[in-house]
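Q: Need a 3D model of the following:
(chains A and B)
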2 protein chains.
Amino acid sequence: MARVPKAISKLIESFEKLPGIGPKTAQRLTFYLLHVPQNQLESFAQSLSTLKTNTVLCTVCKNVGEEDPCYICSDPTRDQKTIMVVEQALDVLALERTGKYKGLYHVLHGAINPLENIGPEEIFISELVGRAKGYENGDGGELEIILATNPTMEGNATAMYLASQLKTEDMSGAPARAVRLKISRLGLGLPTGADLEYADDTTLTQAIEGRRSF
Amino acid sequence: MARVPKAISKLIESFEKLPGIGPKTAQRLTFYLLHVPQNQLESFAQSLSTLKTNTVLCTVCKNVGEEDPCYICSDPTRDQKTIMVVEQALDVLALERTGKYKGLYHVLHGAINPLENIGPEEIFISELVGRAKGYENGDGGELEIILATNPTMEGNATAMYLASQLKTEDMSGAPARAVRLKISRLGLGLPTGADLEYADDTTLTQAIEGRRSF
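A: Just a heads-up that it's a prediction; the model follows:
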């Protein structure tokens, strides 16, 4: 067996820990970096070590940002009566790219996944419920919560759990000025550019159930 | 467009520079690292910045190692009369894994590629020629140089160029005790587990030309 220098094998190990990067890719990336100027390596290294120290979780929406509260939560032009609940901070980026959504967000940082020991306490669910409850003391009106967790088993389970939790909370207090709570789920169906022929049964079923008048 | 914290966008940029990693993967890796403990990030960062400072190029074979000369060049049990010429240090790892090769190596760190402005001077070709020449003052016998560059257009061109250079050098001096120079190329043909039906024409041609008696 070939002896690999420790400096190299350590970096290979670090790359291997990343999702979707196997031993071969980790080797390839490491040996590629051997041909890269030292200052580029240093800047890469610095970005890694300052990644978490230079970012904060917004105390309101739990999104990752530079300030607290984040720029979305502190923007008064945003629709304060709509909260889109997503699993990851990356999902916020994807939704913001559409430019179509003008409400607020709530990042759960995961989904309920019993197989990986992630229960409702491990993700920011109680914070969302607390946020929704906070609106009850506000000036009334309707609060819409859009459940935008992934349409996977875990995401769907999380959405169902959230809906049940939010409805319970809605009942418990029941003050005179309570806001009406509207809970919705992102539309499911065929993605743009898809081929009906290759769509799976569940997606087709969802597309039929979610059909819209033309 | 969503505002991404600078600490995050800088790391995404660093990942994007790696081969085979596009913008989406770079984003995914960066946001994954947000959930990783800080000490793991620090160790990753340290591996990056010490990658090149803690490794040296062997002055003999140009392989990447911890000592100079490297552990292969300084191993007296290795066959000193066989040099395998490869493009990258990674190729040495692959060949060493087979456990079948007991000779020395020479790492070119690239292949001749006019489209990317890589000429014979950019890679360690003259060093190989010098090494082969060095044997001429030795104790005679036969020196085998196995050209193990990739069977791509660039690798083949490099192998052809090397062969012509080595033969010229062999002629020039022509002392009485000169070693005989044997130049070979790695066997080409069907890889193990391949399907004849899907093999391309060139590979099949090579497999027919390179057939062995059974």
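Q: what about the strands in chain A?
A: Ranges of strands in chain A, per DSSP state E, are A:56-57, A:64-65, A:79-86, A:103-107, A:142-147, A:180-185.
Q: Of all these, which one is nearest chain B?
A: Closest approach to chain B among the strands of chain A (Cβ to the nearest Cβ): strand A:64-65, 5.6 Å. Backbone N, C-alpha and C define where each C-beta goes, glycine included.
Q: hmm, back to that, for the strands of chain A, give me a markdown table that also has mean pLDDT.
A: Converted to a markdown table, those look like this (pLDDT from 0 to 100):
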| stretch | mean pLDDT |
| --- | --- |
| strand A:56-57 | 92 |
| strand A:64-65 | 90 |
| strand A:79-86 | 93 |
| strand A:103-107 | 95 |
| strand A:142-147 | 91 |
| strand A:180-185 | 88 |
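Q: in chain A, which helix has the most residues?
A: Scanning chain A for the longest helix, with DSSP state H as the assignment, gives helix A:153-173.
Q: Quick one: mean pLDDT over stretch A:163-171.
A: Predicted confidence along stretch A:163-171 averages 76 (mean pLDDT).
Q: which residues in chain A form helices?
A: Assigned by DSSP H, the helices in chain A fall at A:6-16, A:23-33, A:38-50, A:89-98, A:125-134, A:153-173, A:201-209.
Q: want to throw those into a markdown table with mean neighbour count?
A: Listed next are these as a markdown table, based on neighbours: other Cβ atoms under 10 Å in any protein chain shown:
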| stretch | mean neighbour count |
| --- | --- |
| helix A:6-16 | 19 |
| helix A:23-33 | 18 |
| helix A:38-50 | 18 |
| helix A:89-98 | 17 |
| helix A:125-134 | 17 |
| helix A:153-173 | 16 |
| helix A:201-209 | 12 |
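Q: ranking these by mean pLDDT, which is last?
A: Sorting these by mean pLDDT places helix A:153-173 lowest, at a mean of 82.
Q: That helix and chain B, are they touching?
A: No - judged by Cβ under 8 Å from any Cβ of the partner chain, helix A:153-173 stays clear of chain B, getting no closer than 15.8 Å.
Q: Could I get the CA-only coordinates of that helix as PDB?
A: Once side chains and other backbone atoms are set aside, the C-alpha atoms of helix A:153-173 remain, and they are given as PDB (Å, rounded to 0.1, in the frame of the first residue of the first chain):
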ATOM      1  CA  MET A 153     -41.400  11.600   3.800                       C
ATOM      2  CA  GLU A 154     -39.700  13.600   6.500                       C
ATOM      3  CA  GLY A 155     -40.800  17.000   5.100                       C
ATOM      4  CA  ASN A 156     -44.400  15.800   4.800                       C
ATOM      5  CA  ALA A 157     -44.300  14.400   8.400                       C
ATOM      6  CA  THR A 158     -42.900  17.700   9.600                       C
ATOM      7  CA  ALA A 159     -45.600  19.700   7.800                       C
ATOM      8  CA  MET A 160     -48.300  17.500   9.300                       C
ATOM      9  CA  TYR A 161     -46.800  17.800  12.800                       C
ATOM     10  CA  LEU A 162     -46.500  21.600  12.400                       C
ATOM     11  CA  ALA A 163     -50.100  22.000  11.200                       C
ATOM     12  CA  SER A 164     -51.400  20.000  14.200                       C
ATOM     13  CA  GLN A 165     -49.200  22.000  16.600                       C
ATOM     14  CA  LEU A 166     -50.200  25.400  15.100                       C
ATOM     15  CA  LYS A 167     -53.900  24.500  15.200                       C
ATOM     16  CA  THR A 168     -53.700  23.400  18.800                       C
ATOM     17  CA  GLU A 169     -52.000  26.600  19.800                       C
ATOM     18  CA  ASP A 170     -54.600  28.600  17.900                       C
ATOM     19  CA  MET A 171     -57.300  27.000  20.000                       C
ATOM     20  CA  SER A 172     -55.800  27.200  23.400                       C
ATOM     21  CA  GLY A 173     -55.700  31.000  23.800                       C
END
